[in-house]
Structure formats: C-alpha cells, structure tokens
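>>> 3D, please:
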Amino acid sequence: MTAGVGFSFRHFVALVVPLALGGWVGWCIAPAFAVAQRENTLFALLAGVIALGSLLAGFMVTLMLFTGRIENASALTLEELEAYTDRIKFLLSSQAQTLFASVLSAAFAVAWLCFYALQLDEVAQRIAGAGCFGFTFVALLRCVLVPLQIYEIHEASLDDALSDRREQERAKFKPQG
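Purely as a prediction, here's the structure:
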C-alpha cells in the first residue's frame, strides 16, 4: 500500500497538480504587488502566509507524533500489525507532505519579502510568488484531509478494540473440550 510505483506516483500527482495550480496563480499575481500602492497588501498577505505555514507545521508535527503510536502492539497478531503499520505509514507520508508544504510556503513568503526589499527583478519576485502560492495551496488542500486522517486513526483503533472484544466473547462462550 505504501510502497511501489503506484503509491509514489499518486503522491507525486497529489503534490504536483496543486503546486502547479497555486504556482500559476502566484506567477500571475506577483507583479500586481510590485506597485508601491500595494506594498501594505503584500506585507499583510505574506505575514499571513508565514503565520499560517508556521501554525500548520506545528500542528502537523504534533499530529505525526500521535499518528505514529501503536497502542498494545504486542497484543496484535502479525497480520493485524502489518495492516495497521501500512495504514499508519500512509497517514504519516501524507502528513509529512503537508508539513513540508507548510514550511516551504512560509520559506517562499520570506524569500518573496526579501526579494521585494532588495528590489530584485520581476522574474525573481514572480518565482518566489509562484512558490509561495503553490506550496500554500498544497498545504491548504492537504489540510482538508486531516480530519479524515484523524477519523481513520480512531476508526482503526475502535475497530481493533471491537474485534478483540468479539474474540474474547467467543472464547468465553466456546464449548470446552
């Protein structure tokens, strides 16, 4: 599930398509902020992107710490542990991509501010704007998945608890000998 070309390709496409869409928007919008009358708007926008990227990065790190835990791993059968491990690896991979997109979003926002302050040419500012918008778009889209991932983690734990309880009940009422 978490290995192979199919998995890697799906994750690559899920990263590249929103990155390209956001990057295109950033490339098109960046020149509009280069005018002096838009300076405050640019600073406010990039401050918001930096704050959002930082907030999302912190949240993702915390979520990844909790996602990676397997309670009562020794009580699981090998098959259950393998299935659970595959599910967790998938979630961690997705969360890591969101974390990296959040950090890169903030980094490109800082770069864009620096390029603007240094009065670098329009191409450099457009590249920074494209990166900023692209990674922000990726991070925001991937954040939509977070509630589903949290649900999946809890669902798996609850399903495992129910399965264990069913086995205990069956063993209790199973005829002896």
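>>> In terms of secondary structure, what does the helix ranked longest in the chain contact?
The longest helix of the chain (DSSP state H) is helix 78-117. In terms of contacts (3 or more CB pairs under 8 Å, 6 or more residues apart in numbering; DSSP states H and E), helix 78-117 is packed against helix 5-33, helix 39-67, helix 122-143, helix 146-173. From N, CA and C alone the C-beta is placed, and that goes for glycine too.
>>> Next, the angle from it to helix 122-143.
150 degrees (axes from the mean of the first three to the mean of the last three CA atoms, to 10 degrees).
>>> can you state the direction angle for helix 78-117 and helix 5-33?
Going by the same axes, to 10 degrees, helix 78-117 makes 20 degrees with helix 5-33.
>>> mind listing what's buried in helix 78-117?
Buried residues in helix 78-117, defined by neighbour count with 16 or more other CB atoms under 10 Å: 84, 87-92, 94-95, 97-113, 115-116.
>>> So what does Leu76 have for phi and psi?
phi -80, psi 150 (degrees, to the nearest 10).
>>> cool, Val144 as well?
Dihedral angles (degrees, to the nearest 10) for Val144: phi -60, psi -30.
>>> Look at it and say how many residues are nearby.
For Val144, the neighbour count with other CB atoms under 10 Å is 9.
>>> How many residues are close by Asn72?
10.
>>> OK, contacts around Ala107?
Ala107 makes contact with Gly53, according to CB atoms under 8 Å, 6 or more residues apart in numbering.
>>> per-residue confidence for it?
pLDDT for Ala107: 94.
>>> and what of Ile70?
Looking at Ile70, the pLDDT reads 72.
>>> The closest residue to Gln95 other than its chain neighbours: neighbour count?
The shortest distance from Gln95 to any non-neighbouring residue, by CB to CB, 6 or more residues apart in numbering, is to Met64 (5.0 Å). Neighbour count for Met64, taken as other CB under 10 Å: 16.
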